[in-house]
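> here's a sequence, model it:
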Amino acid sequence: MGWLKRLNLVLEYIEENLDGEISIDEAAKIAYCSRYHFHRVFYAYFNVTFAEYVRRRKFTLAAVDVVSGQEKIIDIASRYGYDSPNAFTRAFRSVHGVNPSDARTSQVKIATYNRASFPSEAIGVEKMDYKIVERPSFNVVGKSKSFKFDDFTKNGQKFWKEYVKSNEYKALCQLTNGRPGTITGAPLVTVYFPSEADKLDEFLDLLGIEFIPDSNSEEFEVHTVPTATYAEFECTYRSAMKTNRYIYGEWFSATGYERDGDKPDVVAYFPMPYRHFSEMGVRWWVPVVKKE
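I've put the predicted structure just below:
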């Protein structure tokens, strides 16, 4: 069975169990891939995490039951997996903007999240070349912060935009004076480390330089990027997020590769003199293994 058919089966699995337990382990098993790889592919294609998509679908149907007024709200909460009416009310309000009791007694607007389909429209990048490269372990010195996939576009960009204006960032760059790293070949890198297995919707975002730690770098964090086999893609900073979505949403399914466990993605930046930063070169390394 092909990759896309398996993902369609995942969507069917979700729909059939909206009033019961839905497990990402079972979803990944249906998709025939690891939990983390499945999570990244799902997010890349639908722009929502697996857990959030399930929550939205559950509360789309729960709202129908609430508004109909035929059951007690506590019974509806129990059917959708909530032992606590208060927890159900908070979750309902986060999706629909109103409490269940208000939705039942007032003429209020209720949000509807339709079932997704896979594939939807193509992500739409031009022909993209890649190559498989082997890279040894190396150290990155810099600054890190944890983000959720759902809020990274807003909060992540804001955080790093402010950080690169700071004296701390200037001191970081002075450690190498712009010299490119030996392994990455770049003066600046971002490394995306997966979080713990039970926090698939989070990741650690590290901005830094390839550097061997010494007494001058003690004020900064030091992270080790392990030896890995990577699929290497080249793009511009402007198209980097679209490239990432293409990699996880289409490239993996087309090639038979799978993301290599808990190893990080590495993004290397190559500023171009007299050019806007959006046009600087980007080299994206995604750790891969050939799927058996």
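> pull the CA atoms of stretch 192-209 into CSV?
The C-alpha atoms that make up stretch 192-209 are tabulated as CSV, following Å, rounded to 0.1, in the frame of the first residue of the first chain:
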residue,chain,number,x,y,z
TYR,A,192,16.1,22.1,15.3
PHE,A,193,16.3,19.5,18.0
PRO,A,194,13.2,17.2,18.6
SER,A,195,11.8,17.4,22.1
GLU,A,196,11.1,14.4,24.3
ALA,A,197,8.9,11.6,22.9
ASP,A,198,5.9,12.7,24.9
LYS,A,199,6.1,16.3,23.5
LEU,A,200,5.9,15.8,19.8
ASP,A,201,4.4,19.2,19.2
GLU,A,202,7.5,21.0,20.6
PHE,A,203,11.1,21.4,19.5
LEU,A,204,14.3,23.1,20.6
ASP,A,205,15.4,25.9,18.3
LEU,A,206,19.1,26.7,18.5
LEU,A,207,20.7,29.7,16.7
GLY,A,208,24.4,29.7,16.8
ILE,A,209,27.8,29.1,15.2
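> how about that stretch: buried residues?
Neighbour-count burial for stretch 192-209 flags 192-195, 200-203, 205-209 (criterion: 16 or more other Cβ atoms under 10 Å). (Each C-beta comes from the backbone N, C-alpha and C, glycine too.)
> now those as CSV including secondary structure and pLDDT?
Below are the buried residues of stretch 192-209 laid out as CSV (DSSP: H, G, I helix; E, B strand; the rest coil; pLDDT from 0 to 100):
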residue, secondary structure, pLDDT
192, strand, 94
193, strand, 93
194, strand, 87
195, coil, 77
200, coil, 68
201, coil, 73
202, strand, 83
203, strand, 89
205, strand, 93
206, strand, 95
207, strand, 95
208, strand, 95
209, strand, 96
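> closest one of the residues you listed to residue 289?
Compare each of those with residue 289 using Cβ to Cβ and the shortest gap goes to residue 194, at 14.7 Å.
> part of a helix, is residue 12?
Yes. With DSSP: H, G, I helix; E, B strand; the rest coil as the criterion, residue 12 is part of a helix.
> per-residue pLDDT, it?
Per-residue confidence (pLDDT) for residue 12: 92.
> out of the buried residues of stretch 192-209, flag the one nearest to residue 180.
Checking these against residue 180 with Cβ to Cβ, the nearest one is residue 209 at 9.5 Å.
> so that closest one makes contact with residue 141?
Yes. Residue 209 lies in contact with residue 141 (Cβ atoms under 8 Å); the separation is 5.9 Å.
> in a markdown table: the buried residues of stretch 192-209, plus distance to residue 22.
Formatted as a markdown table, the entries for those read as follows, by distance: Cβ to Cβ, whole Å:
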| residue | distance to residue 22 |
| --- | --- |
| 192 | 26 |
| 193 | 27 |
| 194 | 22 |
| 195 | 21 |
| 200 | 14 |
| 201 | 15 |
| 202 | 19 |
| 203 | 22 |
| 205 | 28 |
| 206 | 32 |
| 207 | 35 |
| 208 | 38 |
| 209 | 42 |
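> residue 97: neighbour count?
13 (other Cβ atoms under 10 Å).
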